[in-house]
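Novice: Predicted structure and sequence below. I'll ask about it afterward.
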Amino acid sequence: MVKVTVDGIEVEVPPGSNVLQACEAAGKEIPRFCYHERLSVAGNCRMCLVEIEKAPPKPFASCAYPVADGMVVHTETPMVRAARRGVMEFLLINHPLDCPICDQGGECDLQDQALGYGMDHSRYAENKRAVKDKYLGPLVKTVMTRCIHCTRCIRFAAEVAGVPELGATSRGESMEVGTYVERALTTELSGNLIDICPVGALTSKPYAFIARSWELKKTDSIDVLDAIGANIRIDSRGPEVLRILPRVNDDVNEEWLADKSRFSLDGLKRRRLDACWVRRDGRLHRASWAEAFDAIAARLQGLPGARIGALAGNLADAESMLALKDLLASLGSFNLDCRQDGAAVDVSRRDFYTFNSGIAGVDEADALLLIGSNPRREAPLLNARIRKRWLAGRFPVAAIGPHGDLTYEVAWLGDSPRLLLDDAQAFGATLRAAKRPMLILGQGALARPDGDAVLAAAWRLAGAVGALADDWHGFNVLHTAAARVGALDLRFLPGPGGKDVAAMVGGGVDLLWLLGADEFDAARIPPDVFVVYQGHHGDRGAARADVILPGAAYTEKNATYVNTEGRVQRGFLAVNPPGEAREDWKILRAFSERIGRQLPYDDLGALRARLEQLNAVFGRPDILPRFGASDMTAPAGDPAAITDTPLRYAIADYYQTDPISRASPTMAECSALYTAPLATAAE
C-alpha cells in the first residue's frame, strides 16, 4: 500500500491509484467531469486540479496523476480554487442558458460545480458557438451545444458497450461528438450514456420534458425483464411510473442497466388489465370479483385434481407462485410447471440450474465456453461483464451456437451440441489449461427434446476440464426468465403423476390457471379447456382466457425474485395497481376462501415465513455465498442421446420478450429499427 497525505489526513491506497482516488479515500470531494471510475482516464476537463508538494508549482489533474509513497496533496489552496474557477469559466463560455428547460436540471454535475466554482458574471463577449444535434436512435436525445467534450460517452461506447460508434471530429472549438455516419447506436446499453453524461447533452428521448427530479418519488426495486435481477430505482409521480434508473450493485449490475429494462416502462400503462372479465357466449364481458370467482368455482365443482393445472409466467414473483402452488395442492393437483419453453432441468441439486460462479465471478475466470447462449440478447449486463474481463486480457472465449456479434472476440466452434462430446474440439485443451474455466449454458440448449442430454454433457465437460473444483464452480446456467430460478426453488414443477406444460396445453387438464403465462402458443389449448388468466396485461394468455383476473406488475407490489445466480432479492411497491387490479397472492388468497380452501396466511409476513419454510434460501435476501463443486454427481440425462439438431438461441427479438415490452411503443420502435433488418438479412 502507498501512504499519501491529503490536507493533513494520511491514507493508504493501492499502488497504481491516482491522486483523485487518494483524495476520495481521505473523504475529500474532488470536482470532475471527464473522470469516471469505470472508464479509462482521459484527463479532458481539468476540473479535478490539486496542488502537490515537492512538485513543480502548478496545479495537477488529479485523475491522471499517479500516487507515490509519501506524497502530500492539497485540495483547497488559493491556487487550486483559482485554477478550478478558471476551468469553470472556460466550460461556461459556450454553454447555453438552457437550465430552465433542460431535462438534466436538478441532476446536472455542471450546475452543481458551477455553484461552487462559478462566477456571477462572464468576461466572454464573443458569439457563443452552436452545434447541430446528432441522431443516436429512438432512446437518446441530443442537444450537442451543451456538450463539454468530456468524452465519457465515447469511452463508454467503446469500452463497456463494445460498439465504438461514437467519436470526436475536428479539434479545438470546432470539435463535435457524434457518430461518424449518422445512424442509431447499435447497443442494448445506450441508456447508460444518459447517466454518465455530466451535462444535458445526452438525455432520455422518451422522458423529454416529462418531469423534474424533485417531483418524483423514488422507490428501490428489482428489474424482472431478464434474469440478471438488476437493482433499479423506480421514479414515480402520483399513479404513474415516469422513469427507471439503475442502482449500484457491484455484484450484479455494477451501475449499468439494459435498455429494455430502462425504457419499456411506457408499456406499464398500455394494454393493462384493470378489471375482471368473464367469457359468456364466446365474448368477454366485464365482471365483478365475485362474479369472476363464482365462474371459476362453478367450473371447479366436481373436477378431480388430476384435471386441474397451472402455469407460472416469466415475470411471476415467488409469493404468488407459492400461493398458486398451495392452492392447487389443496385441490389435489400436482399439475404445475414454470417452463413455458419446455426447458430441461434437474432440481435434485441447486447448482444444476443456477449461475454458480456468480456474475461477479466472471472477473475471476480465465477461459469461457458459451453453449447455446447469446448473452448480448439474453443478458446484456452479463455480456458487458464478459467484455470487461476480455479487455483485461488472457481470456479466451469460444461458443457453440449460431454466429453472432457479442462485442468481443469469440472462437465459433459450430452449432452442433455433439461438440460437447468431443470436449468442444480444440478448445477443451484451452479450458484444461485455465485455472478457473467457466461454462455458460443457455436456455437455447435446454429448451429442446434432448435438453436433458445436453445438460448432462455440459456438466460432464465441466468436470473434465477442471471447472468443478473445491474452490471454484464454473458450471453456469443462464436463464432468461426472472421467475424461473425462484419457481425451481419452490419446485413449481410436476409432482408425483403430474403433467408438464406440453401435456397441460395439449388438453391434459380441464381447467388451466395461467399466472402471467404468455410465452407459449395459447392457440394450442383445446377449446373445451377452461382457462383462467391472472396477470397485468392483455397479452396472449388473456386473449384465450375464459376468466381474467387483473394482477399487479412488478412496480406495483412488494415481491421477491431470485436471479439466475440464485440471489434472492426484493422489490417494493412504487405505485398502486390500476383500477380493480390487486397483488397476485392476495387474489389467490381471496379465491381460496371463496371455495372453502383457505390458504394459511393473511399477510405478507406470514407468506414469506411459508416461503422460508419451503426453502431456506428465501430467508437470506441479498446474500449469495460462493462455493465450489463438492459433489460430482451428474444431472439426470444420457449425453449419448444428443442429436445433431443445430442449437438455436432462446431470444430472437431482444426488445419484445414479455407482456410489458410488447405493450411498449418505445420497444416496438426499437424492434422495428434493430431487429427487423437483422431478420430480413437472415432470410
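Specialist: That came in fine, so what should we check first?

Novice: Wait, a helix at residue 241?
Specialist: No - assessed with DSSP: H, G, I helix; E, B strand; the rest coil, residue 241 is strand; it does not lie in a helix.

Novice: hang on, it packs against residue 263?
Specialist: No - between residue 241 and residue 263 there is no contact, the gap being 11.8 Å when judged by CB atoms under 8 Å. (Glycine included, C-beta is placed from N, CA and C.)

Novice: between these two, which one's more packed in?
Specialist: residue 263 (28 against 20; other CB atoms under 10 Å).

Novice: Am I right that that one sits in a helix?
Specialist: Yes - assigned with three-state DSSP, residue 263 falls within a helix.

Novice: any idea how far it is from residue 86?
Specialist: Residue 263 sits 39 Å away from residue 86, going by CB to CB, to the nearest Å.

Novice: Angles on the backbone of residue 429, please.
Specialist: phi -70, psi -40 (degrees, to the nearest 10).

Novice: Not counting sequence-adjacent ones, nearest residue to it?
Specialist: residue 423 (7.9 Å; CB to CB, 6 or more residues apart in numbering).

Novice: What of residue 345?
Specialist: Going by CB to CB, 6+ apart, residue 345 has residue 353 as its nearest residue, at 5.1 Å.

Novice: In contact with that neighbour: list those residues for me.
Specialist: 345-347, 477, 479, 485, 488 (CB atoms under 8 Å, 6 or more residues apart in numbering).

Novice: Can you give me the distance of it to residue 540?
Specialist: Distance of residue 353 to residue 540, computed by CB to CB: 26 Å.

Novice: can you check residue 653 too?
Specialist: As judged by CB to CB, residue 653 and residue 540 stand 15 Å apart.

Novice: Can you pull up the most central residue in the protein?
Specialist: Central residue of the chain (CA atoms, centre = their mean): residue 230, 4.4 Å from the mean position.

Novice: Could you check the pLDDT of that one?
Specialist: In this model, residue 230 is scored at 98, pLDDT.

Novice: Thought residue 381 was touching it, still the case?
Specialist: Yes - under the criterion of CB under 8 Å, residue 230 makes contact with residue 381 at 6.0 Å.

Novice: okay, and the common contacts of those two?
Specialist: Counting by CB under 8 Å, 6+ apart, the residues touching both residue 230 and residue 381 are 252-253, 256-258.

Novice: Can you add pLDDT, distance to residue 646 and secondary structure and give these back as CSV?
Specialist: Formatted as CSV, the shared contacts of residue 230 and residue 381 follow (pLDDT from 0 to 100; distance: CB to CB, whole Å; DSSP: H, G, I helix; E, B strand; the rest coil):
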residue, pLDDT, distance to residue 646, secondary structure
252, 97, 32, coil
253, 96, 32, coil
256, 98, 32, coil
257, 98, 33, coil
258, 98, 27, coil
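
Novice: Looking at these, which is nearest residue 647?
Specialist: residue 258 (23.3 Å; CB to CB).

Novice: can you give me phi and psi for that closest one?
Specialist: Dihedral pair for residue 258: phi -70, psi 150, per degrees, to the nearest 10.

Novice: So what's the residue count around the closest residue to it other than its chain neighbours?
Specialist: Distances taken as CB to CB, 6+ apart put residue 380 closest to residue 258, at 4.3 Å, once the chain neighbours are dropped. Using other CB under 10 Å as the criterion, residue 380 is surrounded by 26 other residues.

Novice: gap between residue 380 and residue 539?
Specialist: Using CB to CB, residue 380 is found at 23 Å from residue 539.

Novice: Ok, residue 368 next?
Specialist: Going from residue 368 to residue 539 by CB to CB gives 35 Å.

Novice: So between these two, which is more surrounded?
Specialist: Counted by other CB under 10 Å, residue 368 and residue 539 do not tie: residue 368 has more neighbours, with 28 against 22.

Novice: In a helix, that one, correct?
Specialist: No - going by three-state DSSP, the assignment for residue 368 is strand, not a helix.

Novice: quick one: pLDDT of it?
Specialist: At residue 368, pLDDT is 98.

Novice: what are the bridge partners for it, then?
Specialist: Beta-bridge partners recorded for residue 368 (DSSP bridges): residue 397, residue 438.

Novice: which residues does it contact?
Specialist: 362, 386, 395-398, 437-440 are the contacts of residue 368 under CB under 8 Å, 6+ apart.

Novice: quick one: which of those is nearest residue 548?
Specialist: Nearest to residue 548 among these: residue 440, at 37.8 Å, using CB to CB.

Novice: any idea how far the helix or strand encompassing the closest one is from the chain center?
Specialist: Using DSSP states H and E, residue 440 sits in strand 437-442. Computed by CA atoms, centre = their mean, to the nearest Å, the chain-centroid distance of strand 437-442 equals 19 Å.

Novice: Which SSE is immediately downstream of that strand?
Specialist: helix 443-446.

Novice: name the helices or strands packed onto that following helix?
Specialist: Other elements packing on helix 443-446 under the criterion 3 or more CB pairs under 8 Å, 6 or more residues apart in numbering; DSSP states H and E are helix 451-464.

Novice: what's the average pLDDT for the helix it packs on?
Specialist: On average, helix 451-464 scores 96.

Novice: Can you tell me how far the closest residue to residue 360 other than its chain neighbours is from residue 361?
Specialist: Setting aside the residues directly before and after it, residue 360 is nearest to residue 251 in space (CB to CB, 6+ apart), at 4.7 Å. The spacing between residue 251 and residue 361, counted by CB to CB, is 9 Å.

Novice: Of those two, which one has the most company?
Specialist: residue 361 (21 against 14).

Novice: wait, that one sits on residue 627?
Specialist: No - using CB under 8 Å, residue 361 is not in contact with residue 627; the gap is 11.0 Å.
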